[in-house]
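[1] predicted coordinates and the sequence they were generated for:
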Amino acid sequence: QVQLVESGGGLVQAGGSLRLSCAASGRTFSSYAMAWFRQAPGKEREFVAAISWSGGNTYYADSVKGRFTISRDNAKNTVYLQMNSLKPEDTAVYYCAAATTLYRSRRLPDYWGQGTQVTVSS
């Protein structure tokens, strides 16, 4: 079992930046691929970014490429999402997720956090 707790959400103006953090506890964090998803009001949850257990491979949704960066610190059991050049359409609840493989992390993670709200004002 893996427990995930997100933090770092908030209200920011368009063009601003936020860094989300996801602290993991439970089984060995470094053995899991990690991902971020988001869900905007009235929309389905969508994939944002994923990172392999070593950090050597990353994937991004086209909508955030070049603006968002996913990273991890296995010594701290934490994964991050640095979000720059934020747009109003980035407004959503952001969820951290863990999976046994990088493939699963992008499609059907095994564990989910509770989410953190990100609101971007125009």
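    Looks like it arrived, so ask away.
[2] please, which helix or strand holds residue 93?
    strand 92-99 (DSSP states H and E).
[3] now the residue nearest to residue 38 when sequence neighbours are not counted: how far from residue 116?
    Once flanking residues are discounted, residue 38 sits nearest to residue 92: 3.8 Å by C-beta to C-beta, 6 or more residues apart in numbering. Placement of C-beta: from N, CA and C, glycine included. With the distance defined as C-beta to C-beta, to the nearest Å, residue 92 ends up 10 Å from residue 116.
[4] helices along the chain, start to end?
    Along the chain, the segments classed as helices by DSSP state H run 102-107.
[5] tell me what the least confident helix or strand in it by mean pLDDT is packed against?
    The weakest-scoring helix or strand in the chain, judged by mean pLDDT, DSSP states H and E, is helix 102-107 (a mean of 91). Packing partners of helix 102-107 (3 or more C-beta pairs under 8 Å, 6 or more residues apart in numbering; DSSP states H and E): strand 33-39, strand 46-51, strand 92-99.
[6] so which residues make contact with the last one?
    Okay, so that is strand 92-99. With contacts defined as C-beta atoms under 8 Å, 6 or more residues apart in numbering, strand 92-99 is touched by 2, 4, 6, 9, 20, 22, 24, 32-41, 43, 45, 48, 79, 81, 105, 108-118.
[7] what distance do you get for residue 71 to residue 14?
    24 Å.
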